[in-house]
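**Q** have a look at this fold, sequence not included:
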């Protein structure tokens with residue numbers, strides 16, 4: 001579509017409208033990384049589907065057409081052909097489509113948004129898996145010498161997000177003040193792959209643990225040696241987690257490599273992001289409050305932390321209940337009392353029914 005000409009409203013197809021909205025409208029309203037997530041959904045999934053299924057005109061698009069798209073994606077919609085997309089992913093597709101059609105409605109290209117009355121699949125609440133402290137110790141050992149070693153060890157200690165650990169630069173670490181600052185992230189989609197953390201709470205400064213300080217000093221020394229060996233071919237991007245030639249690690253690579261390492265060593269499967277859950281769960285079990293864990297993780301508010309780690313909170317409450325139950329065990333206290341010489345009231349033996357009735361009659365007089 002030529003952006004310098006008025007569009008023919010009667011002839012514009014839904015797919016052409018989406019291309020125009022993507023490249024000329026929404027691109028000016030969101031960050032580059034967000035725009036590329038829109039681009040992925042529309043160009044890989046939505047546009048190809050509708051082009052292969054009639055390439056409808058925008059004004060002829062109906063709710064049922066969008067509904068059928070979601071049904072197809074849930075059943076067999078993966079780009080790699082390996083089954084359907086998750087309910088949560090389809091809900092994200094819906095958000096993109098609805099946003100584009102909201103714009104079409106405001107521009108009077110269509111009278112009403114056909115995405116408004118969609119029957120969406122139920123969103124699945126995700127509960128992250130996590131490793132115990134013992135499993136984390138073993139994990140740190142098996143990643144030694146692997147390209148993702150530094151990412152796993154630092155994330156396992158600090159509970160950082162994937163983007164945060166891959167965006168961590170040497171300039172954000174102060175060996176003098178013993179601090180580690182999160183002020184930049186790397187993303188999956190962006191060609192630049194850099195952006196600021198998602199909110200002000202995510203931008204935080206954490207104390208540099210003595211053990212991690214020692215590890216980082218050794219890592220920096222190794223990277224300096226690599227720089228000398230590679231010479232002009234070394235990519236001096238200043239990232240903590242990188243290849244031997246200085247090139248920063250990619251999120252897709254780290255996900256696949258992490259999964260591969262777990263499989264080769266017969267570890268229970270978790271996602272790389274679940275290292276963050278493991279750290280948070282361990283902190284809670286060590287007695288830190290939800291507020292303290294919220295600040296450490298960089299959540300915008302405590303409700304986010306409480307929702308994600310409610311299972312850990314309940315486990316801690318169950319342990320507390322068990323401790324109280326054992327503390328005030330009735331059967332044990334009775335045994336102790338019976339050993340003393342104190343006189344304990346003893347129930348009188350049962351009397352005949354006639355005597356009971358006689359006493360009742362006397363009490364009523």
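**A** Here it is on my side, so go on. Everything numeric here is computed off the predicted structure, so don't read it as measured data. Numbers count the residues shown, from 1 in each chain.
**Q** can you give me the helices in the stretch 151-300 of the chain?
**A** Taking DSSP state H, counting those that start in this stretch as the test, the helices found in the stretch 151-300 of the chain are 162-166, 210-230, 251-264, 274-285, 290-297.
**Q** which stretches of the stretch 51-200 of the chain have low pLDDT?
**A** Counting by pLDDT under 70, the stretch 51-200 of the chain shows low-confidence ranges at 126-128, 188-200.
**Q** residue 283 reaches residue 293, doesn't it?
**A** Yes: judged on CB atoms under 8 Å, residue 283 makes contact with residue 293 at a distance of 5.2 Å. In this view, the C-beta of every residue, glycine as well, is placed from N, C-alpha and C.
**Q** tell me which of the helices of the stretch 151-300 of the chain lies nearest to residue 322.
**A** helix 274-285 (14.2 Å; CB to CB).
**Q** so which elements touch the closest one?
**A** Judged by 3 or more CB pairs under 8 Å, 6 or more residues apart in numbering; DSSP states H and E, the packing partners of helix 274-285 are helix 133-142, helix 149-158, helix 290-297, helix 302-308, helix 310-327.
**Q** quick one: buried residues of stretch 107-115?
**A** Neighbour counts over stretch 107-115 (16 or more other CB atoms under 10 Å) mark 110, 113-115 as buried.
**Q** please compute how far it lies from its chain's middle.
**A** 34 Å (CA atoms, centre = their mean, to the nearest Å).
**Q** kindly report the same for stretch 86-95.
**A** On CA atoms, centre = their mean, the centre of stretch 86-95 falls 16 Å from that of its chain.
**Q** list the buried residues in it.
**A** Here stretch 86-95 shows 86, 89-91, 93-94 as buried, counting by 16+ other CB under 10 Å.
**Q** re the thing from before, among the helices of the stretch 151-300 of the chain, show me which one is buried the most.
**A** helix 162-166 (a mean of 26; mean count of other CB atoms under 10 Å).
**Q** what lies in contact with that one?
**A** With contact meaning CB atoms under 8 Å, 6 or more residues apart in numbering, helix 162-166 is reached by 151, 154-155, 158, 182, 185-187, 197, 202, 239-241, 248-251, 254-255, 272-273, 298.
**Q** give me the buried subset of these.
**A** 151, 154-155, 158, 182, 185-187, 197, 202, 239-241, 248-249, 251, 254-255, 272, 298.
**Q** could you check how far residue 261 is from residue 110?
**A** For residue 261, the distance to residue 110 equals 50 Å [CB to CB, to the nearest Å].
**Q** next: residue 239.
**A** Residue 239 is 46 Å from residue 110, by CB to CB.
**Q** surely residue 271 and residue 254 touch.
**A** No: using CB under 8 Å, residue 271 is not in contact with residue 254; the gap is 10.7 Å.
**Q** hang on, the earlier thing: closest one of the buried residues of stretch 86-95 to residue 72?
**A** Nearest member of the buried residues of stretch 86-95 to residue 72, counting by CB to CB, is residue 90, at 9.9 Å.
**Q** can you give me the offset of the helix or strand hosting the closest one from its chain's centre?
**A** Here residue 90 sits within helix 87-106, counting by DSSP states H and E. Relative to the centre of its chain, helix 87-106 is centred 22 Å away, using CA atoms, centre = their mean.
**Q** what sits against residue 238?
**A** Counted by CB under 8 Å, 6+ apart, residue 238 has contacts 169-171.
**Q** try it again at 10 Å.
**A** 168-172, 223, 246, 248 (CB atoms under 10 Å, 6 or more residues apart in numbering).
**Q** spatially nearest residue to residue 140 (excluding sequence neighbours)?
**A** Leaving out its chain neighbours, the residue that sits closest to residue 140 by CB to CB, 6 or more residues apart in numbering is residue 153, at 5.6 Å.
**Q** what is the burial count for the one you found?
**A** Neighbours of residue 153 under the rule other CB atoms under 10 Å: 23.
**Q** can you tell me the centre-most residue of the protein?
**A** residue 273 (6.5 Å; CA atoms, centre = their mean).
**Q** was I right about it contacting residue 151?
**A** No: counting by CB atoms under 10 Å, residue 273 does not reach residue 151; the two are 11.7 Å apart.
**Q** which neighbours do these two share?
**A** With contacts taken as CB under 10 Å, 6+ apart, residue 273 and residue 151 have 160, 162, 258 as neighbours in common.
**Q** export those residues to a markdown table and tack on distance to residue 267?
**A** Formatted as a markdown table, the shared contacts of residue 273 and residue 151 follow (distance: CB to CB, whole Å):
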| residue | distance to residue 267 |
| --- | --- |
| 160 | 20 |
| 162 | 18 |
| 258 | 10 |
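**Q** quick one: stretch 207-217 to chain centroid distance?
**A** On CA atoms, centre = their mean, the centre of stretch 207-217 falls 26 Å from that of its chain.
**Q** could you do stretch 49-61 as well?
**A** 35 Å.
**Q** what's in contact with it?
**A** 7, 9-18, 47, 62, 65-66, 68-69, 72-73, 77, 97, 101, 104, 109-111, 113-115.
**Q** buried members of these into ChimeraX, please.
**A** Filtering the contacts of stretch 49-61 down to the buried ones (16+ other CB under 10 Å) takes a single ChimeraX command:
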select :7,12,13,14,15,16,17,18,47,66,69,73,77,97,101,104,110,113,114,115
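**Q** quick one: the nearest residue to residue 63 once chain neighbours are set aside and residue 221, what's the gap?
**A** With sequence-adjacent residues excluded and distances taken as CB to CB, 6+ apart, residue 63 is closest to residue 114, at 4.5 Å. Using CB to CB, we find residue 114 at a distance of 61 Å from residue 221.
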